[in-house]
Each structure stands twice: as C-alpha cells, then as structure tokens.
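**Student:** coordinates only, sequence not included:
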C-alpha cells in the first residue's frame, strides 16, 4: 500500500467488532479491539498501519507468509451520527443516554439538562462531540418522547427517526380549508358525466383513502367499457401552491401500523379527493373498450365525474366471486368500523338489485382481468405470489390481531386494471413525446442471477440460465410451491435491482413492460400527481409546457429517496408492533407454542420464520439442550447432535416459544417448545 491513504466507512458488528468498508476492496478491513479510537458506527475514517506484533509463536506459525497489515483509525473525516434515538439510564447516580441503535454501543454523557426525562424514557438526542482522551461521547437531549415501554412513544420515535410528521404547516392547513367539501355544477363542466354508470371501489380493510374506482357498462354488439377512475387531485392541488410544495417535499404517504402519515392534509386525502361511497367525485379516467371475450379493442383518456355505488373490502369482493347465495354474502360479518375510514353501508343493508349488480359486475370484471393477467404472464411478467401480513391495533396502539392475506382473485382483479392504466398512460406520453416521471425497474446483474441460481439449487430448485425470462418464471413457479417460499422469494428479490423513478422511460424488468409509470395513486404519491398534470394537457389539447429535464431528473431522484425512507419507516413500524405482540407471551405459562420454519443456520444458532405472522426470529444454540451436543454441519445446512437422529435442518418445521425480546435491536429470540 505504501503511504497511500486508506479511507472507508466504519461499521460495528453486534458484538462490538469494528470493520472498515473501503471502496475498490473486496474484503472489509477488520480492526483490533480498541483500534477504532473515538469513531462511531457509520463514520467515514482514515486508517493508519500499526507496527506488526512481535511474538515468536506468530513468527513460527506464519513463516514464509506475508504479514497481514493491522490498522487503527487515524482520523475521522466525516461523522455520520447527528440525531439519534436513545433511552435515559442511571449509572452510579449520573444520567446517561444509551442509543437505541446497538451499534452505537458506548453510553453518551449528557451536555446540559435532561429536560425532565425519567429513567427508561425514550429521547431524541443530538451528538455533540467525542474527542480523545474522553472515554464517552457527548450528546444533548433535544426532545423527550415518553416512557420507553409505551407504544405511542415507539410511534413518536419512528416519526422522529425518519423525519416524518402527521401535522402540516399552518399555511398548508389554511390553504386546504379553501378546498370544497362537495363537487359543484361548475366543477362538472367540460367533463364526461359517468355518475349513472355502475362504479365500485375495492380496497384493504383498513384503507383510509380511496384513490381508484372501476366502472363497467355494456356497449353495443356485446362490447364492454371498463373505466379506471383515479382521484383528480391535480384539480385541487395546483402546481406552486403551499399544498403542492408540501406534497412534493413529503413525496408520498407513509403507512405505519395503525396510522397513515399522509402526503396531503386529511381534508383532501380522506375528503374531497377520496372516492367514497355515494358521493360525487372528480376523476381522471382511462376508459377501456373490450370485446365480449376480453380482448382489448381501444382506450381513451378523459376527465370525468363519478359516484361510487359501493365501497368493498377485498374480503367482501372475493365473496361475490366465490359465493352463489346472496343470503350467504349478506350474512358475512361486516368489517369493524374502527379499522376503516369509510366502510359504507353493510352488505345486509343493500337491496337485492344492488347485490346482483355487484355480483355480476365483479364477475365480469374478473373474467376480463384474468385474460389480461394471462396475457401479461405469457409476455414474461414475473409472478410474485407473496403473502401480506396486516397488524391491527387497538386505540392505545397495542397489536390485538395479526392477519395474513394471499393475493387472491379480488386483489389480482384490481391489480390488472391498475397496471393496464399505468402502462396505457406511459404509452400515451411516449407517443406524444411528452416528459414525465416514469417508474423504472432496471435489469438485474447477470452475476447476481448466477449466484441466485446456485443458492436455489441448494434447496432443490433447479433452473436454467436466469438471463432467460422464461427460466426466471419457471424458477418462480417452483419457489411459490416450496415450503420455504417466503424465504426464497426474499432471496430472489434481493438479487434484483430496486425499482425507482426516472425522467426517462427505461422499462420495467419485473413487469416486462417497455412503458410504465405511476398514475393510479395521486392521493399518496407525488409522482402520480405530476403525471395527472401532464394528462390534463393531453385531454384539454393544450400546448405542452416546455420540459425541464434537469428539474424532472432531480424530482425523480428526490421521490425515489422519499419512497425508500417511507419503506424503511414502515418496516420499523411492523417490527415494533411484532415485538409488542410477542412480548405479551413472555409471562404466559405454559409457554405459547408457535409453528416455525428454519430459514438460515449459523454457528451461534438458527433463524426462523413463524408460519402465522411471517415474523422472523433467532434461536440461539445456547438454548438447545447441552447434553445433545448440537454442532453445525460442514455444508452449513443443519445442526446435528451427538446422536445423528437429533437433527435440525433448513426448511424443517418446528415448534418454538418466545425466549427474549431485544427492543434496541428489534430482535426476537425464541427457544424450542
């Protein structure tokens, strides 16, 4: 290396060992204990070489081998930690802050007052400094969030950590009050009046706002018109207004467990923009014309006004597809109203005529959607048949129920028409050479696909060259039937590149589409709102505004960043609720048993996935009976006891019970039940 400077990012493992990731190096540099100086996790540091150890035994052992260089941190170039979450604790009478992130493993001294924080309170702290020879870094408390064991405190912590806020600036709130509550006759002028066309919405049980609706009507000669209607947010949120600036800054809504952090104030997102049951609403529409056999014959973009006949949940929609008896459908238990913003009329309050219209309409929609889906799959679109877990909480934010839903026909029905609308609008922009914000999913790296192929063969999933889309779909079919389906799907997704926003239509690998963008959710995504404004120009035959590619490129990058931030916040929210859910089991006797599948095996234990909630946990090897003497096999696929009959292998289903809950690491430890 000579005197070349070695610089990289410092990472601490959970055991406190430090490594430095250096660009253009395959392997990270491991630092000896105490060689990290005052650097913290994530800091960008400069290293210097330590003199070699002088031990005779070392010289004999490594005779003829090049001496491995040892490094220590010489200088901290850039600090990563600014604000962080932590808990106040007392040590010999003095107050310290222990960071929630266990990789910031040193306690922090408090500069200034504690802001009335009590022991175990969660706080937002700001890193101040850590200079040698000080043994501890210093921080100051910015805000006390509340008791560490309160679900509301966890929620506030997520908002603080990810820079989210449920409140809007006063100027934005004042501007939102100028938006009307109802659609006026003036609003309807120049629009297609589709209020008398049969229209419905199908959304999750806990949906608060309704972006999209479907209408259906029979045309001449057995043809059908299917309308995809999307809330006309651009009518109320004009470019350059306070509402627009705040929506752009947020980029998208964030769906935490039990609460939405909206992109738009509730007056719009749950009010005039939401396509609620029995209310007139303004929409941007894509009106599709299909033959009786489900062949797409044409489409047109329009600005319309609709009135939804019924708001359905996915659970209700599937009943109309599967049940023949209207009495059975009517007697289905209605969704609890506290989970839903606008449940609409209960099914048992509807007339026979409306119930028949719903059943016939949904079945016709599915007949056409299934044809679209079949065609999409034949074109090479990837089939991610994954389960979704929904955590329902009580008024205090405590999890009371966890449900798991498959992507059934009711979900696929909506998905197909939304995908088709998104693609149709993207094609229209390309045809008219208009600028836009496009949804792009880049092709995966061939090396990643090859690594995936060899990994899957380990689990009995055989496939050919994965650069062939046909082979990828064959592989996904095998994965979806595999007992470790969820785990293998995650591995597959990790070998893909992340979808993002760009100002150029660069194609979507997962959907096998050349043209694709987001149009169907302008209440919760700013990218869709931008697209709606472009559609306005098309429908109204206005001269397109001059495109500013640099501005759109910058906007696309910003929206990709806000989306990533929201995804991370949503995942953390789910982890927090799962910790609370399983923490309740710690005191129960006898211990509560859970079915689980072994997903990964290491020297310290093995990872599992619970079958009912898809929660991931760890079973430390120290919790296994010592007398059985479990050891990991050479190929890392099993733990085997002294008696070979005692075996724990990948993919094996086992019974487990909760052992420990680590709040700071967001980790659940289990033991065999």
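**Tutor:** Looks like it arrived, so ask away. A quick note: this is a predicted structure, and the numbers were derived from the prediction, not measured.
**Student:** list the contacts of the closest residue to residue 296 other than its chain neighbours.
**Tutor:** Of all residues not flanking residue 296 in the chain, residue 290 sits nearest, at 5.9 Å (CB to CB, 6 or more residues apart in numbering). In this view, the C-beta of every residue, glycine as well, is placed from N, C-alpha and C. Counting by CB atoms under 8 Å, 6 or more residues apart in numbering, residue 290 makes contact with 223-226, 296-297, 368.
**Student:** now, these that are in strands?
**Tutor:** 224-226, 296-297 (DSSP state E).
**Student:** turn those into a markdown table, columns for distance to residue 99 and neighbour count.
**Tutor:** Formatted as a markdown table, those follow (distance: CB to CB, whole Å; neighbours: other CB atoms under 10 Å):
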| residue | distance to residue 99 | neighbour count |
| --- | --- | --- |
| 224 | 59 | 19 |
| 225 | 58 | 19 |
| 226 | 53 | 23 |
| 296 | 56 | 16 |
| 297 | 61 | 12 |
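**Student:** and of those residues, the nearest to residue 23?
**Tutor:** Set against residue 23, the nearest of the ones in strands among the contacts of residue 290 by CB to CB is residue 296 (48.9 Å).
**Student:** quick check: the closest one touching residue 226?
**Tutor:** No: between residue 296 and residue 226 there is no contact under CB atoms under 8 Å: 9.6 Å.
**Student:** so for these two, which residues contact both of them?
**Tutor:** 288, 290.
**Student:** quick revisit: what is the nearest of the ones in strands among the contacts of residue 290 to residue 19?
**Tutor:** residue 296 (54.3 Å).
**Student:** what's near enough to touch the closest one?
**Tutor:** 288-290, 372, 420.
**Student:** tell me which of those fall in helices.
**Tutor:** 372, 420 (DSSP state H).
**Student:** which two of the contacts of residue 296 have the greatest separation?
**Tutor:** Pairwise distances across these peak at 13.4 Å for 289 and 372 (criterion: CB to CB).
**Student:** and the spatially closest residue to residue 312 that is not a sequence neighbour, backbone torsions?
**Tutor:** Closest residue in space to residue 312, ignoring its immediate chain neighbours: residue 202 at 4.9 Å, by CB to CB, 6+ apart. Dihedral pair for residue 202: phi -130, psi 120, per degrees, to the nearest 10.
**Student:** what's the local residue count around residue 202?
**Tutor:** Neighbour count for residue 202, taken as other CB atoms under 10 Å: 25.
**Student:** now do the one 3 residues further on
**Tutor:** In terms of burial, residue 205 registers 17 neighbours under the definition other CB under 10 Å.
**Student:** kindly report the same for residue 404.
**Tutor:** Applying other CB under 10 Å, I find that residue 404 has 12 neighbouring residues.
**Student:** that one contacts residue 392, doesn't it?
**Tutor:** No: Residue 404 is beyond contact range of residue 392, at 12.0 Å (criterion: CB under 8 Å).
**Student:** now do the SS call for the spatially closest residue to residue 251 that is not a sequence neighbour.
**Tutor:** Sequence neighbours aside, residue 562 is the residue nearest to residue 251 in space, at 2.8 Å (criterion: CB to CB, 6+ apart). Put simply, residue 562 is helix when judged by DSSP: H, G, I helix; E, B strand; the rest coil.
**Student:** what about residue 562, distance to residue 250?
**Tutor:** Here the criterion is CB to CB, to the nearest Å. By it, residue 562 lies 7 Å from residue 250.
**Student:** repeat that for residue 24.
**Tutor:** From residue 24 to residue 250 the distance is 37 Å (CB to CB).
**Student:** quick one: which of these two has more around it?
**Tutor:** Neighbour totals were compared for residue 24 and residue 250, and residue 250 leads with 22 against 5 (other CB under 10 Å).
**Student:** ok, that one touching residue 269?
**Tutor:** No: under the criterion of CB under 8 Å, residue 250 makes no contact with residue 269, lying 11.3 Å away.
**Student:** quick one, helices of the stretch 151-300 of the chain?
**Tutor:** Applying DSSP state H, counting those that start in this stretch to the stretch 151-300 of the chain gives helices spanning 151-161, 170-176, 185-188, 233-236, 242-250, 266.
**Student:** what packs against the fourth one?
**Tutor:** Meaning helix 233-236. Under the contact criterion of 3 or more CB pairs under 8 Å, 6 or more residues apart in numbering; DSSP states H and E, helix 233-236 touches helix 526-539.
**Student:** average pLDDT across the helix it packs on?
**Tutor:** Rounded to a whole number, the mean pLDDT of helix 526-539 is 96.
**Student:** so what does it touch, helix or strand wise?
**Tutor:** Counting contacts by 3+ CB pairs under 8 Å, 6+ apart, helix 526-539 packs against helix 233-236, helix 242-250, strand 280-290, strand 296-307, helix 409-431, helix 549-583.
**Student:** turn the ones you listed into TSV, including distance to residue 451 and mean pLDDT.
**Tutor:** Shown next, in TSV, are the helices and strands packed on helix 526-539 (distance: least, CB to CB, whole Å; pLDDT from 0 to 100):
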stretch	distance to residue 451	mean pLDDT
helix 233-236	42	98
helix 242-250	37	98
strand 280-290	40	98
strand 296-307	39	98
helix 409-431	29	97
helix 549-583	24	95
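**Student:** which parts of the strand or helix carrying residue 374 are buried?
**Tutor:** In this structure, residue 374 sits in helix 352-378 according to DSSP states H and E. Under the neighbour-count criterion of 16 or more other CB atoms under 10 Å, helix 352-378 has 355, 357-359, 361-362, 364-366, 368-369, 371-373, 376 buried.
**Student:** try stretch 651-658
**Tutor:** 651, 654, 656-658.
**Student:** can you list contacts of it?
**Tutor:** 459, 483-484, 582-583, 585-586, 591-598, 608, 610-611, 617, 619, 648, 668-673.
**Student:** can I get the buried part of these as one PyMOL selection?
**Tutor:** Here is the PyMOL command that selects the buried residues among the contacts of stretch 651-658 (16+ other CB under 10 Å):
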select buried, resi 459+484+582+583+591+594+596+597+598+608+610+617+619+648+668+669+670+671
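**Student:** ok so, going back, closest to residue 122 out of the helices and strands packed on helix 526-539?
**Tutor:** helix 549-583 (11.5 Å).
**Student:** quick one: the closest one to helix 526-539, angle?
**Tutor:** Inter-element angle recorded for helix 549-583 and helix 526-539: 140 degrees (by axes from the mean of the first three to the mean of the last three CA atoms, to 10 degrees).
**Student:** neighbouring strands - and their directions - for the following helix or strand past helix 549-583?
**Tutor:** Downstream of helix 549-583, the first helix or strand assigned by DSSP H and E is strand 594-602. Here strand 594-602 has these sheet partners by DSSP bridges: strand 605-610 (antiparallel), strand 653-662 (antiparallel).
**Student:** need those in TSV (columns: mean pLDDT and distance to residue 211).
**Tutor:** Below are the strands paired with strand 594-602 laid out as TSV (pLDDT from 0 to 100; distance: least, CB to CB, whole Å):
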stretch	mean pLDDT	distance to residue 211
strand 605-610	94	32
strand 653-662	94	37
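**Student:** thank you kindly, that will do.
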